[in-house]
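sequence first, predicted coordinates after that:
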Amino acid sequence: MFEPARIQTLWELVEYRAGASRGAPMFFDEDGRTVTFDEVRDEALRVAAGFRELGIGAGTRVAWQLPTRIETVLASLALARLGAVQTPIIPLHREREVGFILAESAAQYVLVPGIWRGFDHTAMVRKAAGDGVRVISVEGGLPTADPGGEPGRAPGGENGGTTWIYYTSGTTSAPKGVEHTDATLIAGGVGLATALGMSADDIGSIAFPYAHIAGPDYVIAMLVSGFPAVVLDSFEPGRAAAVYRRRGVTMAGGSTAFYQAFLDESRRYRKELPHAGRLIPSLRLLSGGGAPMPPELYTAAGRELACAIVHGYGMTECPMIAMGTPYDNDEQLSRTVGRPVAGARVRIVRPDGTEAEAGESGEVTLKGPMLFRRYTDPALTAEAFDADGYFHTGDLGHLRPDGHLVLTGRLKDIIIRKGENISAQEIEDLVHTHPAVAEAAVIGLPDRARGERVCAVITPADPDAPPLTLGMLTAHLRAAGLMTQKLPEQLELIDELPRGGPLNKVIKATLRERYTE
């Protein structure tokens, strides 16, 4: 039986599951390949031995920029076996971001996929890397060797040492280095596994970047619960749905954008094949996080895909904070991000630092075993924690009497109109309820008279329908009870919202730049 207190390193968890689920599948890919839990363990040992022959060992700093593949997980597990300090880099990052991360993390080795999706990562990383950084292409396969007496290793987290360095997306500033241990990531994965309640009879999916903090979070949940997953190196809704149908996937997702993509794909699928049935007949659960989920999307996607949707809340600094469960009701699932996961302590604080009452909004602060160790920049670490050791997330929200957490916006996503703070997310949630709106982003734009004015940027639900006007939108929002001071004063229609990052979040900085006069 899995006992979290007795397992402090990722490799110990791999060994536990390889023994407990010997012969059971752990990964499937779209080409029909199946790899069992014990085969993953055995192959990771061979890769670890291969890495050791290249000079990688305990404490070696290894960055990797690899797509989501079974081999990427094997490389990561092999590095964990050796006790290396690994820095995953999202494959979409280019020379500027990669160069910063390699220098800031003091990387000694970098693993790259060679040419992937038409882009030469080897050439780019060699240009971005400084002297003394060894670039290793795994285009021809991972290095392997006979593990013999098993390669040596250092403790992977039980001594409090950093074994992972993740970087925040840094859309408006330089990325922040976030240091984790095996133990902090395991605590996050245990929280996810406990909330989802998956079993060996389920089949999950990984179609988001494994280099994101959610990658090991999900794989740890697999190792804890013993369920397998389909791995895709990129997410294309139609292609993903076809593979999921073939493999009988029961849980899919990744972020709010995935819910919308599956909703759109299902509608297209049923229109083209009206007698084909559900898009993914085996699907019982969509899960994810990374961005707010409008209640209307919850209702529409759940009804269309005939499955439950459980949304959660996490960040690079803390991979799991709160999570909905399949046992929550529709109101809880559509209006909250669930309860704090096992081990997480959430405290809502007022601007003066005092603790808010139940239902009172404030900044979300937290403690728990899944919380990161520190930033690579000591000054950022000092700013982020209060005197009681609580981490300040920068998110706004409140805890309900039922224990569920509601997020209402970001401290930095506040529109200040005539001295009054307005939550962009509150307005976005209401804008989404208009039938003419597919997606929406609300931003503050500079305004001489008001300081900032409220601007709603939307993509139409039906491009061929008469366009939505500002008057129609504000009438709808008034009817929904939105106070006059929060009504949008500008409406922009756009074919597609700008998105970026591993979870495809809306990049509001791009919208502000585009619509600022």
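Yep, that arrived.

output the below-cut-off pLDDT ranges for the stretch 301-450 of the chain.
Within the stretch 301-450 of the chain, the stretches with pLDDT under 70 are 419-420.

can you show me the helices along it?
Here the stretch 301-450 of the chain has its helices, by DSSP state H, counting those that start in this stretch, at 330-335, 378-384, 424-431.

give the contact list for the residue of the chain positioned farthest from its centre.
Within the chain, Ala449 marks the point farthest from the mean C-alpha position, 38.7 Å out by Cα atoms, centre = their mean. Not one residue lies near Ala449 by Cβ atoms under 8 Å, 6 or more residues apart in numbering. Yep, even glycine has a C-beta here, placed from its N, CA and C like the rest.

one more time with 10 Å, if that's ok
With contact set as Cβ atoms under 10 Å, 6 or more residues apart in numbering, Ala449 has these partners: Arg417, Lys418.

for it, give its distance to Arg512.
18 Å (Cβ to Cβ, to the nearest Å).

Glu296 is in contact with Arg335, correct?
No - counting by Cβ atoms under 10 Å, Arg335 does not reach Glu296; the two are 11.5 Å apart.

where do the contact lists of these two overlap?
Asp429.

neighbour count winner among these two?
Regarding Arg335 and Glu296, a neighbour count based on other Cβ atoms under 10 Å identifies Glu296 as having more, with 17 against 14.

check what pLDDT that one gets.
pLDDT for Glu296: 90.

please, where are all the strands along the stretch 351-500 of the chain?
Assigned by DSSP state E, counting those that start in this stretch, the strands in the stretch 351-500 of the chain fall at 362-367, 374-375, 391-399, 405-410, 414-417, 420-423, 437-447, 451-460, 490-493, 499-500.

Ala200 is nearest to which of those strands?
Minimum separation from Ala200 across the strands of the stretch 351-500 of the chain (Cβ to Cβ) falls at strand 405-410, 29.9 Å.

chain center to the closest one: distance?
17 Å (Cα atoms, centre = their mean, to the nearest Å).

tilt between it and strand 391-399?
120 degrees (axes from the mean of the first three to the mean of the last three Cα atoms, to 10 degrees).

now for strand 405-410, which elements pack on it?
Where contact means 3 or more Cβ pairs under 10 Å, 6 or more residues apart in numbering; DSSP states H and E, strand 405-410 is packed against strand 308-315, strand 318-323, strand 345-349, strand 362-367, strand 391-399, strand 420-423, helix 424-431.

now for the ones you listed, which one comes closest to Ala187?
Among the helices and strands packed on strand 405-410, strand 318-323 sits nearest to Ala187 (Cβ to Cβ), with 7.9 Å.

direction included, what does that closest one pair up with?
Taking DSSP bridges as the criterion, strand 318-323 forms sheet pairs with strand 308-315 (antiparallel), strand 339-340 (antiparallel).

which among the ones you listed is found nearest to Ala240?
Short answer: strand 308-315, nearest of the strands paired with strand 318-323 by Cβ to Cβ, at 16.7 Å.

can I get the closest one as PDB, trimmed to CA atoms?
Presented in PDB, the C-alpha positions along strand 308-315 are these (Å, rounded to 0.1, in the frame of the first residue of the first chain):
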ATOM      1  CA  ALA A 308     -17.900  15.700 -15.400                       C
ATOM      2  CA  ILE A 309     -15.500  18.700 -15.300                       C
ATOM      3  CA  VAL A 310     -13.200  19.200 -12.300                       C
ATOM      4  CA  HIS A 311     -11.200  22.400 -12.300                       C
ATOM      5  CA  GLY A 312      -8.200  23.100 -10.100                       C
ATOM      6  CA  TYR A 313      -5.800  25.800  -9.000                       C
ATOM      7  CA  GLY A 314      -2.000  25.600  -8.900                       C
ATOM      8  CA  MET A 315       1.100  27.500 -10.000                       C
END
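
buried ones in that strand?
Going by neighbour count (16 or more other Cβ atoms under 10 Å), the buried part of strand 308-315 is Ala308, Ile309, Val310, His311, Gly312, Tyr313, Gly314, Met315.

before we move on, what about stretch 187-205?
Neighbour-count burial for stretch 187-205, counted by 16+ other Cβ under 10 Å, picks out 187-196, 198, 202-205.

is the nearest residue to Gln108 once chain neighbours are set aside in a bridge, and if so with what?
The shortest distance from Gln108 to any non-neighbouring residue, by Cβ to Cβ, 6 or more residues apart in numbering, is to Arg61 (4.9 Å). Here Arg61 sits in beta bridges with Val85, as judged by DSSP bridges.

count the residues that sit near Arg61.
Counted with other Cβ under 10 Å, Arg61 comes out at 19.

pretty sure Thr393 sits against Glu363.
Yes - look at Thr393 against Glu363 with Cβ under 10 Å: they come within range, at 7.0 Å.

what do the two both touch?
Arg410, Leu411.

how long is stretch 442-452 from one end to the other?
Using Cα to Cα, to the nearest Å, the gap from the first to the last residue of stretch 442-452 comes to 12 Å.

should've said stretch 369-377
For stretch 369-377, the first-to-last residue distance is 21 Å (Cα to Cα).

ok, and what's touching the worst-scoring helix or strand of the chain on mean pLDDT?
Within the chain, no helix or strand scores below strand 420-423, which has a mean of 75 by mean pLDDT, DSSP states H and E. Strand 420-423 is contacted from outside by 361, 396, 407-411, 413-416, 429, 442, 444, 450-452, 454, 483, 485-487, using Cβ under 10 Å, 6+ apart.

can we see that at 8 Å?
Leu396, Thr408, Gly409, Asp413, Ile414, Ile415, Ile416, Gly444, Val454, Gln485, Lys486.
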